[in-house]
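Participant: Following is a predicted model, sequence given first.
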Amino acid sequence: MSESKYPVNRDQTRLKKVGAAVRERLTRHPQVYQVPTDKAEIFAFGDFLTPRECSKLIEQIDEVAKPSVVFDLDYSSGYRTSYSGDVDPRNSLIQRVNRRIDDLMGIDPSFGETIQGQRYMPGQEFQPHHDWFHPGTSYWDLEMGRGGQRSFTAMAFLNQVEDGGTTDFTDIGISIEPKPGVLLIWNNADEQGVPNPHTIHAGRPVKAGVKYVITKWYRTMEWF
């Protein structure tokens with residue numbers, strides 16, 4: 001895997017350790033498929049969520065969705081034009097989904113952020129971005145102090161989109177069509193524990209219909 005142009009951060013040892021553990025766990029799982037690329041570690045689990053679970057999660061997203069923000073950028077910038085919101089972690093369904101994702105990946109539950117739901121209407125998108133935190137940003141010190149770097153991302157598609165709304169790993173050249181119930185997982189670092197620039201990805205504009213997803217990010221330490 002190519003060397004990152006970004007500086008190694010203090011979480012490198014932790015990122016390397018959790019990466020190795022999750023990699024071994026997922027590659028041995030009979031229902032997990034690894035996307036063929038040598039630039040990043042991307043995995044998929046079909047039918048991770050049932051149709052009923054997807055439907056219930058969509059209802060919860062509609063209850064909490066507000067214009068999305070990206071740390072120091074607001075909705076009006078056009079960078080992220082979806083609606084999103086954190087679902088209620090006390091809800092029994094959310095607790096079950098959290099537990100299943102935690103168990104699948106084998107990551108300490110305390111390292112996981114609250115599940116966030118996202119809704120994309122026609123024309124809405126999330127332009128190319130990384131999930132890991134960039135050094136030198138306005139939010140760097142805050143995020144490093146409340147859980148450290150993001151190690152893995154787990155994102156589940158909840159519905160069939162009429163047209164558009166793919167998740168594209170733009171540097172790798174992979175486009176993933178939303179399929180209800182599919183869980184997509186990727187390592188935000190490389191095998192050496194360095195944040196991986198090849199994980200840059202985008203939620204492409206929805207052309208027709210609506211797109212719903214849930215996303216769970218994991219840190220290298222307890223998140224609060």
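Facilitator: Thanks, I have it.

Participant: Contacts for stretch 214-224, please.
Facilitator: By Cβ atoms under 8 Å, 6 or more residues apart in numbering, the surrounding residues in contact with stretch 214-224 are 11, 14-15, 18, 57, 61, 87, 97-98, 101, 105, 107-108, 110-113, 115-118, 131, 146-156, 158. Where C-beta positions appear, they are placed from N, C-alpha and C, glycine not excepted.

Participant: What residues sit buried inside it?
Facilitator: Ile214, Thr215, Lys216, Trp217, Tyr218, Arg219, Thr220, Met221, Trp223 (16 or more other Cβ atoms under 10 Å).

Participant: Does the third one fall in a helix, a strand, or a coil region?
Facilitator: Put simply, Lys216 is strand when judged by DSSP: H, G, I helix; E, B strand; the rest coil.

Participant: Distance check, it against Gln116.
Facilitator: According to Cβ to Cβ, to the nearest Å, Lys216 and Gln116 sit 8 Å apart.

Participant: again, but for the first one
Facilitator: When Cβ to Cβ is applied, the distance between Ile214 and Gln116 equals 7 Å.

Participant: which residues do the two both contact?
Facilitator: Val87.

Participant: helix or strand for the residue nearest to Pro109 when sequence neighbours are not counted, which one?
Facilitator: Closest residue in space to Pro109, ignoring its immediate chain neighbours: Asp102 at 4.7 Å, by Cβ to Cβ, 6 or more residues apart in numbering. Assigned by DSSP states H and E, Asp102 falls within helix 92-105.

Participant: Please work out the average pLDDT along that helix.
Facilitator: Rounded to a whole number, the mean pLDDT of helix 92-105 is 98.

Participant: unless I'm mixing things up, Gly117 is touching Glu59, no?
Facilitator: No - under the criterion of Cβ atoms under 8 Å, Gly117 is not in contact with Glu59, lying 10.0 Å apart.

Participant: which of the two has more neighbours?
Facilitator: Gly117 (26 against 12; other Cβ atoms under 10 Å).

Participant: tell me the phi and psi of the nearest residue to that one once chain neighbours are set aside?
Facilitator: Nearest residue to Gly117, sequence neighbours excluded (Cβ to Cβ, 6+ apart): Ile61, at 3.4 Å. Main-chain dihedrals, Ile61, degrees, to the nearest 10: phi -60, psi -40.

Participant: Isn't Ile61 up against Arg119?
Facilitator: Yes - counting by Cβ under 8 Å, Arg119 is a contact partner of Ile61 at 5.5 Å.

Participant: between those two, what contacts are shared?
Facilitator: Common neighbours of Ile61 and Arg119 (criterion: Cβ under 8 Å, 6+ apart): Tyr212.

Participant: distance between the ends of stretch 42-61?
Facilitator: In stretch 42-61, first residue to last residue: 25 Å (Cα to Cα, to the nearest Å).

Participant: contacting residues around that stretch?
Facilitator: Contacts of stretch 42-61 (Cβ under 8 Å, 6+ apart): 26, 29, 31-35, 85, 87-88, 91, 93-94, 97, 100, 104, 117-119, 156, 158-159, 169, 174, 176, 179-187, 212, 214.

Participant: Which is the succeeding secondary structure element to the helix ranked longest in the chain?
Facilitator: Secondary structure of the chain per DSSP state H: the longest helix is helix 12-27. Downstream of helix 12-27, the next assigned helix or strand under DSSP H and E is strand 32-34.

Participant: Pull up the pairing partners for that next one, direction included.
Facilitator: strand 42-45 (antiparallel) (DSSP bridges).
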